[in-house]
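J.: need a structure here:
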Amino acid sequence: MYGYVNFPYDHGLLVKEELSEHGYVESQSDDDLGRYLYLFEIRERLVPARPYRVHLSREILRNLQFPLLRPTIDEVIARMTAGQPLAPYLSTLANKLVTHDHLLVHWGVHHLHLEPLCTLDERGYVARADNLLFFRVNGADIHLIDILPHNPSPFAQDELVKIVDRNWPQLHQQMRGFTTRVLSPAQIKKLRKGNLNTAVQTDTRVVMPAFGATSAGRSLAGVLEADRIFADLRRLEGLVAENYERWFPRSSAWITNVRLVGVEKDGYNLVDGASGYTLQLERTS
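T.: Numbers count the residues shown, from 1 in each chain. Okay, here's the model as predicted:
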């Protein structure tokens, strides 16, 4: 066995390839972490397409707009449960590289436009709606929070966090021993603009709705995920070096033929370029 593998480099190529689909042009100032954060944030905003279990809050069921918008809501829920993309209903900025969704980063809350697919335009988006549906994604579950009008702006109304806490308290991290004052929407917007994370006072406790943002405004959840992946790939390099001949028995003796060709939720896809032999390894962290 000769040479070495470089899975972080391979991972960087995969990230750049996927980013290119969103108009990414490589810059000398970009690094692997920055590129991965672009990709992480885009994936989060677009909502991964997979079959979801959908849960409705008590508040949304009592909302006077709910029966009026029920046909469109049912259409959206059908796409969620079938694992179909939600992109037509999302913001037109959702797939843009430089977009920062403060509501999602700070509170973990998505929103979409409640207009039916029959209003789809040439860009692939439904008509921009007066009413927005707010929801949270947690693994294989989507939690529908409430319906609010686009004006006045609902994106800094802490009632969204309170509804989540009443219906699904397990989605929040309680800040034991912490106190906080109630902030106005204007104050919340100002703090977000400065990339400052704040706890929220709900009906009964103080919570952090999501991981929040770094001082540079990037998703802290994305940074933690990147750290985990990069550490995983370095450990994986050692495992391949130790087990190369056993894992790739039909290969030539050159370990440098082994490349990382895919990253899945539960593992990493490797291929030996000489033999074409493929292998999937589980994540190690």
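J.: For the residue most central in space within the chain, which non-adjacent residue is spatially closest?
T.: Centroid-nearest residue in the chain, with CA atoms, centre = their mean: Glu44, separated by 2.1 Å. Excluding the flanking residues, the one nearest Glu44 by CB to CB, 6 or more residues apart in numbering is Leu104, at 6.3 Å. Using the backbone N, CA and C atoms, a C-beta is placed for each residue, glycine as well.
J.: contacting residues for the one you found?
T.: The contact partners of Leu104, taken as CB atoms under 8 Å, 6 or more residues apart in numbering, are Glu44, Arg45, His110, Ala210.
J.: Which of these fall in strands?
T.: The strands, defined by DSSP state E, take in His110 from the contacts of Leu104.
J.: And the contacts of Leu104, which two are furthest apart?
T.: The distance between the two most remote of those (CB to CB) is 13.5 Å, for Arg45 and Ala210.
J.: Okay, strands next: where are they in this structure?
T.: 53-56, 109-113, 131-138, 141-149, 173-174, 200-201, 206-208, 258-263, 267-272, 278-282.
J.: mind putting these in TSV, distance to Pro85 included?
T.: As requested, these are exported to TSV (distance: least, CB to CB, whole Å):
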stretch	distance to Pro85
strand 53-56	15
strand 109-113	11
strand 131-138	13
strand 141-149	13
strand 173-174	30
strand 200-201	30
strand 206-208	30
strand 258-263	20
strand 267-272	23
strand 278-282	25
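J.: do you know which of the ones you listed lies nearest Phe230?
T.: Closest to Phe230 of the strands of the chain, according to CB to CB: strand 258-263, at 11.5 Å.
J.: so where's this structure uncertain?
T.: The chain contains residues with pLDDT under 70 at 1-3, 250-256, 285.
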